[in-house]
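Trainee: turn this into a model:
(chains A and B)
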Number of protein chains: 2
Amino acid sequence: MKYCGECGALTSLTIPQGDTLPRYVCQQCATIHYQNPKIVVGCIPEWQDQILLCKRAIEPQYGLWTIPAGFMENDETIEDAALRETEEEAQANVTLTGLYSVFSIPHVSQVYMVFRAKMPELKFGAGEESLEVQLFDLDQIPWTELAFQVIEETLRLYAQDRTTGQYPVHVGTIQRTKKP
Amino acid sequence: MKYCGECGALTSLTIPQGDTLPRYVCQQCATIHYQNPKIVVGCIPEWQDQILLCKRAIEPQYGLWTIPAGFMENDETIEDAALRETEEEAQANVTLTGLYSVFSIPHVSQVYMVFRAKMPELKFGAGEESLEVQLFDLDQIPWTELAFQVIEETLRLYAQDRTTGQYPVHVGTIQRTKKP
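Mentor: As a prediction, this is how the structure comes out:
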């Protein structure tokens, strides 16, 4: 944020009066440009005992597997976002059955929220951001080819919960690791 | 976002190739400036049967009551944010006991996350953003002087759950009303 989005003048990184953190402040119009974490929302689509995963056709992590998920947009709810991303990436219409996990990823300033979801019909396909979309039995999840640490953790919890049939909301943090 | 934060040139509002929504795109360096919902995090601090509320010393809703809560910052977890806001606004150190509610507020592009929390000691005070901070019995909550609709809904759920002693994670949406 080198320049002010309001007036185009240069900004400087300073702690505004009454604040505790450095912000980008316009040197001309004094607008303070706050930067905040982004929300990623997705779901685990279930068809009978299987779940639907997408192979990424975009960076980062091109060619690796993930659940349908993406950045939440302005003016929508977290449910809207989960449904939209599932339609865009997996060409599937799902029914959300409950919030399942909330993970903070502080080193990339993201919060990742995942719902469980039912597929009412066996209909899916690769959207523009997916190379392929496929149903997996839980013992066939491609653990070594998952795109993100947060997805691996979420799916491990999910596989554990499947054995008990209890699906509490999981809240956690992903620490920085070698894997994105 | 009239000007590009990267190079200072004018932006235009257009749908980038492969996208579905209009974005502010720099006419010179082509940087796409995404705008996404912000996360507000707070907690309901409990001391015996009472909860701690803050009377706002800032706009919006100056002089009305709320729980300690505020915008999540980059590089922190949702737990970090809840603890920081509680210290800043209510000068209280609390122990978070679980995520309690997640509300989307699409008309202001916010997601509001509230934890339950225990106060380990009877120590609190008005931070810079609070006029006063006070413990309330549940039947003394100033319902008509609460600052935000999302806080009213959250505290109504909390008061109901107190009667059963069960505190599931509530997920919901705040629709636009006259009250902020």
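Trainee: drop to CA atoms for contacts and neighbour counts, all remaining ones
Mentor: Will do.
Trainee: per-domain residue ranges of chain A.
Mentor: When chain A is parsed with automatic domain parsing, its domains come out as A:1-35, A:38-173.
Trainee: which one of these lies closest to B:Gly8?
Mentor: For B:Gly8, the closest of the domains of chain A is domain A:1-35, at 4.9 Å, according to Cα to Cα.
Trainee: which parts of that closest one are buried?
Mentor: When neighbours are counted by 16 or more other Cα atoms under 10 Å in any protein chain shown, the buried residues of domain A:1-35 are found to be A:1-13, A:23-26, A:30, A:32-33.
Trainee: what parts of chain A come near chain B?
Mentor: Proximity of chain A to chain B is confined to A:1-10, A:35-39, A:71-78, A:99, A:104-109, A:111, A:169, A:171, A:173 under the rule Cα under 8 Å from any Cα of the partner chain.
Trainee: so of the residues you listed, which ones are in helices?
Mentor: If you go by DSSP state H, those have A:Ile78 in helices.
Trainee: returning to that earlier point: now, the buried residues of domain A:1-35 that are in strands?
Mentor: Secondary structure from DSSP state E places A:11-13, A:23-26, A:32-33 of those in strands.
Trainee: quick check: longest helix of chain A.
Mentor: Ranked by number of residues, the top helix in chain A under DSSP H is helix A:149-164.
Trainee: what is the most centrally placed residue in chain A paired to in the beta sheet?
Mentor: Among the residues of chain A, the smallest C-alpha distance to the mean C-alpha position (Cα atoms, centre = their mean) belongs to A:Val40, namely 3.1 Å. Listed beta-bridge partners, A:Val40: A:Phe71, A:Tyr112 (assigned using DSSP bridges).
Trainee: secondary structure class for A:Val133?
Mentor: Classification of A:Val133 using DSSP: H, G, I helix; E, B strand; the rest coil returns strand.
Trainee: got any ranges where chain A has weak pLDDT?
Mentor: In the prediction, chain A carries residues with pLDDT under 70 at positions A:178-179.
Trainee: hmm, what's the outermost residue in it?
Mentor: Relative to the average C-alpha location in chain A, and by Cα atoms, centre = their mean, no residue lies farther out than A:Gln28, which sits at 36.6 Å.
Trainee: go ahead and confirm that residue touches A:Leu10.
Mentor: Yes. In this structure A:Gln28 lies within contact range of A:Leu10 using Cα atoms under 8 Å: 7.5 Å.
Trainee: which residues are in contact with both of these two?
Mentor: With Cα atoms under 8 Å, 6 or more residues apart in numbering or on different chains applied, the contact sets of A:Gln28 and A:Leu10 do not overlap.
Trainee: in contact with A:Pro180, which residues?
Mentor: For A:Pro180, the residues meeting the contact criterion (Cα under 8 Å, 6+ apart) are A:147-149.
Trainee: what about 6 Å?
Mentor: The neighbours of A:Pro180, taking Cα atoms under 6 Å, 6 or more residues apart in numbering or on different chains as the test, are A:Phe148.
Trainee: try A:Gly5
Mentor: When contacts are counted by Cα under 6 Å, 6+ apart, A:Gly5 is found next to B:1-5.
Trainee: let's see it at 10 Å
Mentor: Contacts of A:Gly5 were listed using Cα atoms under 10 Å, 6 or more residues apart in numbering or on different chains, and they are A:11, A:26, A:31, A:33, B:1-6, B:8-11, B:33.
Trainee: what is the burial count for A:Glu129?
Mentor: Burial of A:Glu129, expressed as a neighbour count using other Cα atoms under 10 Å in any protein chain shown, amounts to 18.
Trainee: quick one: contacts for it?
Mentor: Residues counted as contacts of A:Glu129 (Cα under 10 Å, 6+ apart) are A:54-59, A:62, A:68, A:88-90, B:18.
Trainee: rewinding a little: need phi/psi at the closest residue to the residue farthest from the centre of chain A other than its chain neighbours.
Mentor: The spatial neighbour of A:Gln28 that comes closest, neighbours along the chain excluded (Cα to Cα, 6 or more residues apart in numbering or on different chains), is A:Ala9 at 6.1 Å. Torsion angles at A:Ala9 (phi, psi; degrees, to the nearest 10) stand at phi -80, psi 170.
Trainee: ok, A:Ala9 touching B:Lys2?
Mentor: No. The pair A:Ala9 and B:Lys2 fails to qualify as a contact (Cα atoms under 10 Å) at a distance of 11.4 Å.
Trainee: any residues in contact with both of those two?
Mentor: Counting by Cα under 10 Å, 6+ apart, the shared contacts of A:Ala9 and B:Lys2 are B:8-9.
Trainee: what packs against the helix or strand harbouring A:Thr97?
Mentor: Using DSSP states H and E, the element containing A:Thr97 is strand A:95-105. Helices and strands touching strand A:95-105, as assessed by 3 or more Cα pairs under 10 Å, 6 or more residues apart in numbering or on different chains; DSSP states H and E, comprise strand A:38-47, helix A:78-90, strand A:110-118, helix A:149-164, strand A:170-173, helix B:78-90, strand B:95-105, strand B:170-173.
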